[in-house]
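Q: Sequence first, predicted model second:
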Amino acid sequence: REGVVTMLQSKAMPFMEAPPALDGTLPGDNGFDPLGLTNYFDIKWMQEAEIKHGRICMLATLGFLVPELVALPWAYFRKGILAVDAHDCFVK
C-alpha cells in the first residue's frame, strides 16, 4: 500500500503510538505518556523532578512517623497523642 505510514506502538499502551521522546534509552522507559507531556517538556528535566518529589515524599513520611515513635522530654510535647488523633480533632 502506498502512502500508509505506520507509527511505532507503545509497549505500555499498545493501542497508542509511542511518543518520539521516549525511545527506550532511559531506565523504565516503556513509552507511557498518555498526556503527551514529553512533547512540551524536556524528559531529563521531568526525570529530575520525579526524583526530587520522591525524595521529598520520603522525608515527609519520615517526618510523620518519627513523632509517633519518639517523644521529646518537655511538657509541651505530650506523649500519647497520635497524628491521627490530631487530624480527627481538627476535622470535627
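A: Yep, it's here. Numbers count the residues shown, from 1 in each chain.
Q: what about P67, neighbour count?
A: Other residues near P67 come to 14 when the count uses other CB atoms under 10 Å. Where C-beta positions appear, they are placed from N, C-alpha and C, glycine not excepted.
Q: One more: the one 3 residues further on?
A: Counted with other CB under 10 Å, the burial measure for V70 works out to 9 neighbours.
Q: And for L8?
A: If you count neighbours by other CB under 10 Å, L8 ends up with 13.
Q: Also G31?
A: For G31, which is what you asked about, the neighbour count (other CB under 10 Å) is 20.
Q: ok, for K11, nearest residue in space, not its chain neighbours?
A: The shortest distance from K11 to any non-neighbouring residue, by CB to CB, 6 or more residues apart in numbering, is to N30 (4.4 Å).
Q: and what of T38?
A: Nearest-residue entry for T38: A21, 3.8 Å, with adjacent residues in sequence omitted and distances by CB to CB, 6+ apart.
Q: circling back: which ones are touching the residue nearest to K11?
A: Contacts were defined as CB atoms under 8 Å, 6 or more residues apart in numbering; by that measure N30 touches S10, K11, A12, L22.
Q: can you list the residues you listed in TSV and add distance to M58?
A: Conversion of the contacts of N30 to TSV gives the following (distance: CB to CB, whole Å):
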residue	distance to M58
S10	30
K11	28
A12	25
L22	26
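Q: Now the buried members of the residues you listed.
A: Members of these that pass the buried threshold by neighbour count (16 or more other CB atoms under 10 Å) are listed as S10, L22.
Q: quick revisit: the residue nearest to T38 and M46: what is the separation?
A: When distances are taken as CB to CB, to the nearest Å, A21 and M46 turn out to be 10 Å apart.
Q: nearest to F64, of the contacts of N30?
A: If you rank the contacts of N30 by distance to F64 using CB to CB, A12 comes first, at 31.9 Å.
Q: Surely that closest one is in contact with G31?
A: Yes: A12 sits in contact with G31 when judged by CB atoms under 8 Å, with a separation of 5.3 Å.
Q: returning to that earlier point: between A21 and M46, which one's more packed in?
A: Residue environment comparison for A21 versus M46 gives the larger neighbour count to A21, 20 against 15, counting by other CB under 10 Å.
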